[in-house]
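A.B. asks: can you look at this prediction? I've put the sequence above it.
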Amino acid sequence: MLAQQRQAAILERVRSTGGVRVSDLAGEFGVSDMTIRRDLDALHERGLLAKVHGGATTTGPSSTDEPGFRAKSVRQLPEKAAIADRAAQLVRPGAAVALSAGTTTAELARRLVNVPELTVVTNSLPVAEIMHAGGRPDQTVVLTGGVRTPSDALVGPLAVGAVRALHLDLLFLGVHGITERAGFTTPNLMEAETDRALVAAADQLVVLADHTKWGSVGISSIVELAAAHVLVSDDRLPPSARRVLGEHVGELIMVKATRGGPRDAHADN
């Protein structure tokens, strides 16, 4: 296959799925990772896609665009892993925790499969699948019902009704965007309602958000910044964001993602 044909096929794949991984494309086309990276560079330079760590996604999101789970799963992988590692330290055996939909909360789920006697409530199909695959008989996984969104979240009246009957120790909330004025936001109106029900059911709210979420705004606000007891992000968060968040959230925790593994970078009360 000529480079031009391969790039056209890659672009079609990105547009149909929302995101691609370098490793997947290399295997599919029978070429090296480096060749795929050069293809992505060429398409990126023409403004046809956006390069991210480990792959590429579509370009030009708006406040109502809702990327699919697969598209989001290829973005900021080291940051999400570091954030999930740190968030897992907040969970104690026997706790009742909720994980909202999102790729960062899915990363956290992978770290919770070995926590004894844990009860996990989620409206995320990927999170439920990860916890179920763990196979611990002393864990309980509660999956809300509801209507499925592009990000594999279950939302709507069924989800809200299920959550309102519960009392939880911790909620780990993934968000689409963060600003001082709008707070924590999502591009899906029904998902915002379900997230608000999760916030109301939990004693503590822990927001998991990498640095790219700062300055992005979804159409619907979930809660204001001050509602977060803890926010875990990475140290690429700009100083202006650190200042604003430090003034509003209960505790701001930043982690540094390195190839040798994540470590705490900073923490403010």
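C.D. replies: Yep, it's here. Numbers count the residues shown, from 1 in each chain.
A.B. asks: residue ranges with poor pLDDT in the stretch 1-150 of the chain?
C.D. replies: With pLDDT under 70 as the threshold, the stretch 1-150 of the chain has low-confidence stretches at 15-18, 58-76.
A.B. asks: which stretches in it count as helices?
C.D. replies: 3-17, 22-29, 33-45, 69-73, 77-88, 103-112, 125-134 (DSSP state H, counting those that start in this stretch).
A.B. asks: could I get these in TSV, plus columns for distance to Gly145 and mean neighbour count?
C.D. replies: Placement of C-beta: from N, CA and C, glycine included. Output for those, formatted as TSV (distance: least, C-beta to C-beta, whole Å; neighbours: other C-beta atoms under 10 Å):
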stretch	distance to Gly145	mean neighbour count
helix 3-17	26	15
helix 22-29	32	16
helix 33-45	39	16
helix 69-73	18	22
helix 77-88	26	23
helix 103-112	19	24
helix 125-134	11	20
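A.B. asks: as TSV, those helices with distance to Val142 would be great.
C.D. replies: Formatted as TSV, these follow (distance: least, C-beta to C-beta, whole Å):
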stretch	distance to Val142
helix 3-17	30
helix 22-29	32
helix 33-45	40
helix 69-73	20
helix 77-88	19
helix 103-112	13
helix 125-134	9
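A.B. asks: who wins for proximity to Ile253 among those helices?
C.D. replies: Closest approach to Ile253 among these (C-beta to C-beta): helix 77-88, 6.2 Å.
A.B. asks: what angle separates the closest one from helix 103-112?
C.D. replies: Angle between the axes of helix 77-88 and helix 103-112 is 50 degrees (criterion: axes from the mean of the first three to the mean of the last three C-alpha atoms, to 10 degrees).
A.B. asks: by contact count, what packs against helix 77-88?
C.D. replies: Packing partners of helix 77-88 (3 or more C-beta pairs under 8 Å, 6 or more residues apart in numbering; DSSP states H and E): helix 103-112, strand 202-208, strand 230-234, strand 251-256.
A.B. asks: tell me the domain ranges of the protein?
C.D. replies: Using automatic domain parsing, the domain ranges for the chain come out as 3-60, 77-268.
A.B. asks: give me the angle between the helix or strand encompassing Ser240 and strand 251-256.
C.D. replies: Assigned by DSSP states H and E, Ser240 belongs to helix 239-248. Angle of helix 239-248 versus strand 251-256, following the same axes, to 10 degrees, is 150 degrees.
A.B. asks: what's next to helix 239-248, contact-wise?
C.D. replies: Where contact means C-beta atoms under 8 Å, 6 or more residues apart in numbering, the residues beyond helix 239-248 that reach it are 178, 180, 211, 214-215, 224-226, 228, 231, 233, 237, 252, 254, 268.
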